[in-house]
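S.K.: A structural model of the following input is requested.
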Amino acid sequence: MDADAVKAELAPISWLIGHWVGVGTGHYPTIEDFRFGQEVVFSTDGRPFLNYSSRSWLLDEEGNRIRPLASESGFIRPRPDNHLEMQLSHPTGYAEIWYGKVEITGIEQAVITGARAEMRTDAVMRTESAKEYTLGHRLYGLVDSKLLWTFDMAAMGQPVSNHLAASLQRADITEPEQTSE
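M.R.: Alright, predicted model coming up:
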């Protein structure tokens, strides 16, 4: 597949590409509410999929990191007709297959200014030691240059309900300048 074909295939999800940071909230019927900081990276190596990684930290009232929370990594593959496939893996013993669709809601001067990607789990696999988690629903949106996302789940014998939501902003990653002496 040539570079132009890959670029065209990734176009519907190109708005995700970048380094994003921000703050979110978490709650669920089986736990206490909490605030978290998050860093998310969507990247491409030139092939027709995005690499994805996320890590988060529990925050105190002043916004300081208390301890690591969750991390996950995987891949998002665009499919024909704006469909998506996502594979995720978690160090807590989960692997998930997600299916969904992306919708572009705004374009200005050939740049995507608004979009949403909605996905649901098709399969949730877990190790013997992982907590019960049976179903997930995610929504990512590009709104006012921010990446907004939410995650609903069915777990621990509870019906599907919201668990996480966050608002992330693009963060520039700059390499330190190299100097020669």
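S.K.: can you give the contact residues for stretch 134-141?
M.R.: Applying Cβ atoms under 8 Å, 6 or more residues apart in numbering, the external contacts of stretch 134-141 come out as 16, 96, 98, 100, 114-121, 124, 147-155, 160. Glycine gets a C-beta too; all of them are placed from N, C-alpha and C.
S.K.: list buried residues within these.
M.R.: Buried subset of those (neighbour count, 16 or more other Cβ atoms under 10 Å): 16, 96, 98, 100, 114-117, 119, 121, 124, 147-149, 151-155.
S.K.: hmm, back to that, so which of the contacts of stretch 134-141 are in strands?
M.R.: 96, 98, 100, 114-121, 124, 147-155 (DSSP state E).
S.K.: got a list of what residue 59 touches?
M.R.: Residue 59 makes contact with 23, 34, 35, 36, 37, 65, 66 under the criterion Cβ under 8 Å, 6+ apart.
S.K.: give me the buried subset of the residues you listed.
M.R.: With burial judged by 16+ other Cβ under 10 Å, the buried subset of the contacts of residue 59 is 35, 36, 37.
S.K.: measure residue 60 to residue 108 for me?
M.R.: 39 Å (Cβ to Cβ, to the nearest Å).
S.K.: kindly apply the preceding question to residue 117 instead.
M.R.: From residue 117 to residue 108 the distance is 19 Å (Cβ to Cβ).
S.K.: before we move on, what about residue 48?
M.R.: In terms of Cβ to Cβ, residue 48 sits 25 Å off from residue 108.
S.K.: so which residues make contact with the lowest-mean-pLDDT helix or strand in the chain?
M.R.: The least trusted helix or strand in the chain, going by mean pLDDT, DSSP states H and E, turns out to be helix 3-10, with a mean of 83. For helix 3-10, the surrounding residues in contact (Cβ under 8 Å, 6+ apart) are 1, 17, 44, 46, 47, 48, 49, 50, 78.
S.K.: what's the ChimeraX line that selects buried ones from those residues?
M.R.: Buried subset of the contacts of helix 3-10, written as a ChimeraX selection, criterion 16+ other Cβ under 10 Å:
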select :44,49,50,78
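S.K.: residue 131 in helix, strand or coil?
M.R.: coil (DSSP: H, G, I helix; E, B strand; the rest coil).
S.K.: before we move on, back to that, so which of the contacts of residue 59 belong to strands?
M.R.: Short answer: these in strands (DSSP E) are 23, 34, 35, 36, 37, 65, 66.
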